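# curious how this folds, go ahead:
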Amino acid sequence: MSSKDIKLGVSLYSYQEAIWRGDLDLEGALTAVKGCGGEGVEIFGEALIRSFPYVTNDFLYKWFYMLDNLQLEPVCYEHFSDRRFWQDPEKYLNDDDIFDVTMQYLRTAKKLGCKFIRLSHDGHNGIYDVFGAIEKSHSVVNAEIFAKLLPYAEELGVRMALEVHGPGLLDDGGNDDFLDAIEKTGCYNGAGLMLDLSGCFRDMSPMQEDSYVAAGAKREIVQYIRAMSRKAYTYDGNNNVDWDEVVEEVKRMGGGDAEINIINGRGGFGSLRQKLISPPSVVEEYASKLIYVHGKMHWINEDCTSDEVDYPRYIRALAKGGYKGYISTEFEGQRSVPHTLNEVEFVRRQHALMRQCLADCAAEGL
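Take a look at the predicted model:
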């Protein structure tokens with residue numbers, strides 16, 4: 001195990017708004033990756049490959065020319081397939097259609113030189129379904145389709161990364177059917193687990209704080225609640241928080257339903273009392289089984305620190321647990337406050353933070 005086995009990359013999804021506005025084209029986005037010190041690239045074809053879902057020889061020539069020129073490695077191709085047919089929103093794809101669409105992603109990933117596709121699949125959010133029971137016609141890649149895809153993925157040399165995304169947890173069993181399919185087929189090089197850091201959030205972002213204030217909550221009370229959330233979900237041996245006492249303190253501070261609802265959430269989901277988070281100990285346990293990691297984030301402070309995720313402990317857990325592979329930034333803060341955040345700058349800050357964490361691990365001998 002060694003922190004040297006961990007590399008840093010960027011999902012070009014992080015620059016989604018700049019790409020949409022036309023401020024960055026593919027070359028500009030790749031240059032931004034190089035500028036932040038990234039080594040690898042994750043690409044999403046819907047926005048960056050004009051011939052999507054196909055890829056032309058002309059595009060491949062330019063793609064590899066730019067990667068070679070910037071000394072970047074193609075790592076992952078984003079898979080966004082769902083049951084909705086984009087040309088006809090009233091049409092839903094059947095299992096055979098989803099299989100064919102995903103095969104196209106796998107073939108394109110192979111041509112792009114990518115080792116993985118980030119697979120949209122029914123285990124994405126673990127055992128939790130925020131919006132209620134998933135109707136079969138609205139599901140994505142289910143375990144049956146996945147099992148049929150495995151031998152083809154293995155033959156192509158492109159692994160399907162089963163993203164464990166918040167509120168899903170690494171150990172909640174949400175991906176068991178998919179892992180069982182790998183065992184049954186024996187196609188161990190066809191797929192594997194992927195961690196998204198959304199499952200490790202200990203605090204809300206400043207934009208979420210602003211939204212609560214806009215809805216009537218007092219800022220100083222929201223900031224107090226944020227501090228308690230960070231304490232509760234920072235696993236440093238000092239994370240015992242009595243949420244009933246926090247509620248009483250909120251009341252003493254002059255808070256009411258607007259503030260207390262932040263703590264209690266709705267229907268259990270979103271409740272700070274039972275926040276769904278994979279602690280560093282679980283990440284360390286699963287680290288050697290992971291094939292890919294998304295460095296999901298909405299905000300990094302100007303001093304390159306984070307309230308949202310405890311990067312020092314989580315990167316240490318990955319290194320200590322034997323993770324070998326990429327952590328690719330996936331910035332989504334621009335969704336909350338469009339046209340106001342510099343995506344390139346936030347990616348740069350996160351990479352500076354992660355590089356420091358890796359340097360600290362190396363100094364420990366990890």
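# residue ranges with poor pLDDT in the stretch 101-250 of the chain?
Within the stretch 101-250 of the chain, the stretches with pLDDT under 70 are 129-138.
# mind listing the strands for it?
Remark: strands assigned in the stretch 101-250 of the chain by DSSP state E, counting those that start in this stretch are 116-119, 159-164, 191-196.
# just send these back as a markdown table, with distance to Asp97 and mean neighbour count too.
Every residue, glycine included, has its C-beta placed from N, CA and C. Formatted as a markdown table, those follow (distance: least, C-beta to C-beta, whole Å; neighbours: other C-beta atoms under 10 Å):
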| stretch | distance to Asp97 | mean neighbour count |
| --- | --- | --- |
| strand 116-119 | 16 | 28 |
| strand 159-164 | 17 | 27 |
| strand 191-196 | 20 | 24 |
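# of all the ones you listed, which one comes closest to Tyr77?
strand 116-119 (4.9 Å; C-beta to C-beta).
# quick one on the thing from earlier: need the strands of the stretch 101-250 of the chain in JSON lines with distance to Ala32, can you?
Converted to JSON lines, the strands of the stretch 101-250 of the chain look like this (distance: least, C-beta to C-beta, whole Å):
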{"stretch": "strand 116-119", "distance to Ala32": "20"}
{"stretch": "strand 159-164", "distance to Ala32": "23"}
{"stretch": "strand 191-196", "distance to Ala32": "21"}
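# break the chain down into its domains, please.
The record's domain split for the chain, according to automatic domain parsing, is 3-201+277-364, 206-274.
# tell me which of those domains sits most buried.
Using mean count of other C-beta atoms under 10 Å, the stretch among the domains of the chain with the largest mean neighbour count is domain 3-201+277-364, at a mean of 19.
# between the two ends of that domain, what distance do you get?
Using C-alpha to C-alpha, to the nearest Å, one end of domain 3-201+277-364 lies 10 Å from the other.
# to Asn94, which of the strands of the stretch 101-250 of the chain lies closest?
Closest approach to Asn94 among the strands of the stretch 101-250 of the chain (C-beta to C-beta): strand 116-119, 18.2 Å.
# tell me the secondary structure at Ser288.
The three-state label for Ser288, taken from DSSP: H, G, I helix; E, B strand; the rest coil, comes out as helix.
# please report how far it lies from Ala319.
11 Å (C-beta to C-beta, to the nearest Å).
# what do you get for Ala109?
Look at Ala109 and Ala319: by C-beta to C-beta, they are 27 Å apart.
# how about Lys4?
For Lys4, the distance to Ala319 (C-beta to C-beta) stands at 9 Å.
# equivalent analysis for Asp310, please.
Asp310 is 14 Å from Ala319, by C-beta to C-beta.
# please apply the same query to Ile6.
6 Å.
# before we move on, what about Glu343?
Distance of Glu343 to Ala319, given as C-beta to C-beta: 27 Å.
# also Ser81?
For Ser81, the distance to Ala319 equals 33 Å [C-beta to C-beta].
# same deal with Gly9?
In terms of C-beta to C-beta, Gly9 sits 16 Å off from Ala319.
# before we move on, what about Arg84?
40 Å.
# check contacts around Ala319.
Residues in contact with Ala319 (C-beta atoms under 8 Å, 6 or more residues apart in numbering) are Met1, Ser2, Ser3, Asp5, Ile6, Ala287, Leu358, Cys361, Leu366.
# now swap in Lys91 and tell me
Contacts for Lys91 (C-beta under 8 Å, 6+ apart) come out as Arg84, Phe85.
# how about Arg118?
Counting by C-beta under 8 Å, 6+ apart, Arg118 makes contact with Glu42, Cys76, Tyr77, Glu78, His79, Ala161, Glu163, Met194, Tyr292, His294.
# the first one in helix, strand or coil?
Pointing back at Glu42 there. Recorded secondary structure, Glu42: strand (three-state DSSP).
# correct me, but it touches Leu72?
No: applying C-beta atoms under 8 Å, one finds Glu42 not in contact with Leu72, separated by 10.9 Å.
# mind listing the helices for this protein?
Per DSSP state H, the chain carries helices over the ranges 16-21, 26-35, 45-48, 57-70, 95-112, 143-156, 176-185, 206-214, 219-232, 243-252, 257-264, 280-286, 311-321, 343-364.
# show me what the fourth one is packed up against.
Read it as helix 57-70. Judged by 3 or more C-beta pairs under 8 Å, 6 or more residues apart in numbering; DSSP states H and E, the packing partners of helix 57-70 are helix 26-35, strand 73-78, helix 95-112.
# of all these, which lies closest to Gln334?
For the helices and strands packed on helix 57-70, proximity to Gln334 was assessed by C-beta to C-beta; helix 26-35 is nearest, at 13.8 Å.
# identify the residues contacting that closest one?
9-10, 12, 15, 18-19, 24, 41, 48, 62-63, 66-67, 70-72, 344, 347-348.
# same question for that helix, mean pLDDT?
For helix 26-35, mean pLDDT rounds to 98.
# that one: how far from the chain's middle?
Relative to its chain's centre, helix 26-35 lies at 20 Å (C-alpha atoms, centre = their mean, to the nearest Å).
# tell me the angle that helix makes with helix 343-364.
Interaxial angle of helix 26-35 relative to helix 343-364 (axes from the mean of the first three to the mean of the last three C-alpha atoms, to 10 degrees): 30 degrees.
# what angle do helix 26-35 and helix 57-70 make?
Using the same axes, to 10 degrees: helix 26-35 against helix 57-70 is 20 degrees.
# and Gln192, how far from His339?
To be clear, residue 192 is Gly; Gln isn't right here. Gly192 is 37 Å from His339, by C-beta to C-beta.
# which residue of the chain lies farthest from its centroid?
Arg252 (37.8 Å; C-alpha atoms, centre = their mean).
# ok, Met103 touching Pro151?
No: taking C-beta under 8 Å as the definition, Met103 is not a contact partner of Pro151, at 11.5 Å.
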